[in-house]
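Participant: What would the 3D arrangement of this be:
(one chain, ligands or ions: 2)
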Amino acid sequence: NATTVSPAHSASTASTLITNIAALVTNDPSLGDGSPLGLVHDAAVAIEGDRVVWTGDHRKAPATDNRVDAEGRAVIPGFVDSHSHLVFAGDRTQEFNARMSGRPYSAGGIRTTVAATRAASDGELEANVTRYLAEALRQGTTTFETKSGYGLTVEDEARALRIAAAHTDEVTYLGAHIVPPDYAEDPAGYVALVTGEMLDACAPHARWIDVFCEKGAFDGDQARAILTAGKARGLHPRIHANQLSYGPGVQLAVELDAASADHCTHLTDADVDALAHSRTVATLLPGAEFSTRAAWPDARRLLDAGVTVALSTDCNPGSSFTSSVPFCVALAVRDMGMTPDEAVWSATAGGAAALRRTDVGRLTPGACADLVLLDAPSHVHLAYRPGVPLVSGVWRRGERVV
Ligand code: NIG
Ligand code: FE
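Facilitator: Ligands and ions are numbered 1, 2, ... in the order given. Here you go, the predicted structure:
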């Protein structure tokens with residue numbers, strides 16, 4: 001069960017060996033127990049530079065000067081959080097309080113954050129992103145996507161993307177989050193802005209384009225026009241779909257070969273079927289249902305139909321103010337019908353699939369050396385011990401950061 005890569009990345013020159021791992025999640029089904037998690041017991045991982053160069057039985061591990069003893073604990077790939085909204089100012093504590101007293105969640109709350117974000121300085125926004133990313137890293141997130149969507153002017157959207165791009169390659173233009181109050185009487189004019197001048201200003205800073213396709217935000221025709229315009233500018237589509245109600249978002253995602261349809265809380269059988277016969281990943285965001293007291297998305301139904309499922313945080317000040325992937329894993333297992341193995345796969349390899357990445361979310365030779373050492377003998381403890389800070393070590397691109 002050991003594999004190596006080309007001599008250029010020879011295991012014999014590995015710079016760090018993490019050994020004495022009781023349970024190693026590789027996400028390579030050709031390794032270990034043959035399950036999708038490719039679970040290897042009594043394992044070691046060799047890292048050279050920013051890459052994994054060797055994975056296998058620790059008794060066969062290459063020699064190296066720098067050995068890290070995992071002391072019989074578990075190692076998993078770093079989490080890939082493929083959906084967050086980190087460029088914002090202020091918070092929405094009052095709205096959350098009101099919701100927990102019975103008021104329903106609505107897209108309208110986004111306006112509060114738009115006003116605060118527009119009023120904030122670059123430094124304030126930058127400090128917020130840095131803070132939430134540090135939070136996420138401490139909880140094992142080594143790859144993350146983040147969006148604009150709280151600026152909703154040409155300047156404020158471009159600014160948000162510039163700030164995001166300083167921290168990650170996975171930057172998403174979400175000028176179509178809601179129609180801002182300044183365009184309340186002219187939604188068509190706003191769509192023209194999003195697909196015109198704003199797209200011109202934003203495309204150079206982003207990899208992805210996203211739309212909130214929902215009643216009170218953008219309908220199917222508007223979403224198609226926006227995502228199609230983005231595609232023509234070289235951005236790849238992803239979409240907030242079927243979060244608060246049934247709608248056209250999921251079918252549109254499949255039609256446009258979006259990398260991911262996110263939320264997927266209200267799905268018809270035809271929606272599930274369309275996803276199952278596509279490359280589009282269903283990204284489930286249980287922090288949103290938790291924080292809005294909404295019904296859970298049915299992960300079991302999607303998995304049984306053969307849909308690829310990702311799990312992410314949706315970290316944002318309105319609907320899901322958590323940066324914790326372990327929390328989302330626990331929710332998905334408890335309330336969405338996922339097994340612990342499935343949830344851990346979805347939070348790592350699933351997130352990578354939602355970003356169309358193969359270099360993260362797995363621990364095999366050639367992959368990025370993004371690893372999480374858990375203070376537990378197995379990955380199952382992420383769901384079994386909810387709320388407990390089990391992340392005791394994080395390596396990002398080969399460097400120990402936690
Ligand atoms: O993914 N659904 C749209 N956008 C966010 C919520 C944003 C907010 O409430 O500020 C979401 O849940
Ligand atoms: Fe979102």
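
Participant: residues contacting A305?
Facilitator: V272, D273, L275, A276 (Cβ atoms under 8 Å, 6 or more residues apart in numbering). C-beta coordinates here come from the backbone N, C-alpha and C atoms, glycine included.

Participant: List phi and psi for the last one.
Facilitator: Reported as degrees, to the nearest 10, the phi and psi values for A276 are phi -60, psi -30.

Participant: got a list of what it touches?
Facilitator: A305, G306, V307.

Participant: ok, the closest residue to S324 other than its chain neighbours to ligand 1 distance?
Facilitator: Counting by Cβ to Cβ, 6 or more residues apart in numbering, S324 lies nearest to Q139, which is 4.8 Å off, once chain neighbours are set aside. According to Cβ to the nearest ligand atom, to the nearest Å, Q139 stands 19 Å off from ligand 1.

Participant: SS state for the residue of the stretch 51-200 of the chain found nearest ligand 1?
Facilitator: Per Cβ to the nearest ligand atom, I110 is where the stretch 51-200 of the chain lies closest to ligand 1, at 4.4 Å. Assigned with DSSP: H, G, I helix; E, B strand; the rest coil, I110 falls in the helix class.

Participant: Which positions in the stretch 101-250 of the chain make contact with ligand 1?
Facilitator: With Cβ under 6 Å from any ligand atom as the criterion, the stretch 101-250 of the chain meets ligand 1 at residues G109, I110, T113, F212, H240, Q243.

Participant: ranking these by neighbours, who comes first?
Facilitator: Highest neighbour count within those, by other Cβ atoms under 10 Å: H240, with 31 neighbours.

Participant: List the residues that contact it.
Facilitator: So H240 contacts D210, V211, F212, C213, E214, A217, G249, D262, H263 (Cβ under 8 Å, 6+ apart).

Participant: Now it. Nearest residue, chain neighbours left out?
Facilitator: F212 (4.3 Å).

Participant: again with G249
Facilitator: Spatial nearest neighbour of G249, excluding adjacent residues (Cβ to Cβ, 6+ apart): A241 at 2.7 Å.

Participant: From A261, how far out is the one you found?
Facilitator: 4 Å (Cβ to Cβ, to the nearest Å).

Participant: need the strands for the stretch 301-402 of the chain, in chain order.
Facilitator: 309-311, 371-374, 391-396, 399-400 (DSSP state E, counting those that start in this stretch).

Participant: err, the stretch 151-300 of the chain, not the other one
Facilitator: 171-176, 208-213, 236-237, 239-241, 260-263, 281-284.

Participant: Export those strands as CSV, with columns for mean pLDDT.
Facilitator: Shown next, in CSV, are the strands of the stretch 151-300 of the chain (pLDDT from 0 to 100):
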stretch, mean pLDDT
strand 171-176, 98
strand 208-213, 98
strand 236-237, 98
strand 239-241, 98
strand 260-263, 98
strand 281-284, 99
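
Participant: In CSV: those strands, plus distance to A253.
Facilitator: Putting the strands of the stretch 151-300 of the chain into CSV (distance: least, Cβ to Cβ, whole Å) gives the following:
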stretch, distance to A253
strand 171-176, 14
strand 208-213, 9
strand 236-237, 7
strand 239-241, 5
strand 260-263, 4
strand 281-284, 9
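
Participant: any idea how far V333 is from the closest residue to V380 other than its chain neighbours?
Facilitator: The shortest distance from V380 to any non-neighbouring residue, by Cβ to Cβ, 6+ apart, is to P340 (4.4 Å). Per Cβ to Cβ, P340 is found 5 Å from V333.

Participant: next one: V402
Facilitator: Distance of V402 to V333, computed by Cβ to Cβ: 24 Å.

Participant: Kindly report the same for E255.
Facilitator: As judged by Cβ to Cβ, E255 and V333 stand 32 Å apart.

Participant: The two: which is more packed in?
Facilitator: Set side by side, E255 and V333 show more neighbours around V333, with 24 against 17, by other Cβ under 10 Å.

Participant: The more buried one reaches A343, doesn't it?
Facilitator: Yes - applying Cβ atoms under 8 Å, one finds V333 in contact with A343, separated by 5.0 Å.

Participant: In the sheet, which residues pair with the residue nearest to G249? Tell me.
Facilitator: For A241, the beta-bridge assignment (DSSP bridges) gives partners C213, H263.

Participant: what about stretch 164-171, distance to the chain center?
Facilitator: Chain-centre distance of stretch 164-171: 13 Å, with Cα atoms, centre = their mean, to the nearest Å.

Participant: got a list of contacts for that stretch?
Facilitator: Contacts of stretch 164-171 (Cβ under 8 Å, 6+ apart): 82, 86-87, 126, 129-130, 133, 143-148, 161, 205-208, 355.

Participant: how about G140, what does it touch?
Facilitator: Contacts of G140 (Cβ under 8 Å, 6+ apart): I76, G78, F79, V325, P326, V372, V391, V394.

Participant: Report the buried members of those.
Facilitator: Using 16 or more other Cβ atoms under 10 Å as the burial test, the contacts of G140 include I76, G78, F79, V325, P326, V372, V391, V394 as buried.

Participant: By proximity to ligand 1, which residue of this structure wins?
Facilitator: Minimum separation of the chain from ligand 1 (Cβ to the nearest ligand atom) falls at G318, amounting to 2.2 Å.

Participant: Low-confidence ranges, this protein, go.
Facilitator: Counting by pLDDT under 70, the chain has low-confidence residues at 1-14.

Participant: per-domain residue ranges of it.
Facilitator: As assigned by automatic domain parsing, the chain contains the domains 3-78+361-400, 80-354.

Participant: Report whether stretch 69-84 contacts ligand 1.
Facilitator: No - Stretch 69-84 stays clear of ligand 1 (Cβ under 6 Å from any ligand atom), getting no nearer than 7.3 Å.

Participant: Now that stretch: buried residues?
Facilitator: 70, 73-84.

Participant: Determine which two of those are furthest apart.
Facilitator: A70 and H83 (30.1 Å; Cβ to Cβ).

Participant: Who are the contact partners of the residue nearest to R138 when sequence neighbours are not counted?
Facilitator: Leaving aside its sequence neighbours, R138 sits nearest to V402 (Cβ to Cβ, 6+ apart; 5.8 Å). Contact analysis of V402 by Cβ under 8 Å, 6+ apart lists L137, R138, V391, S392, G393, V394.
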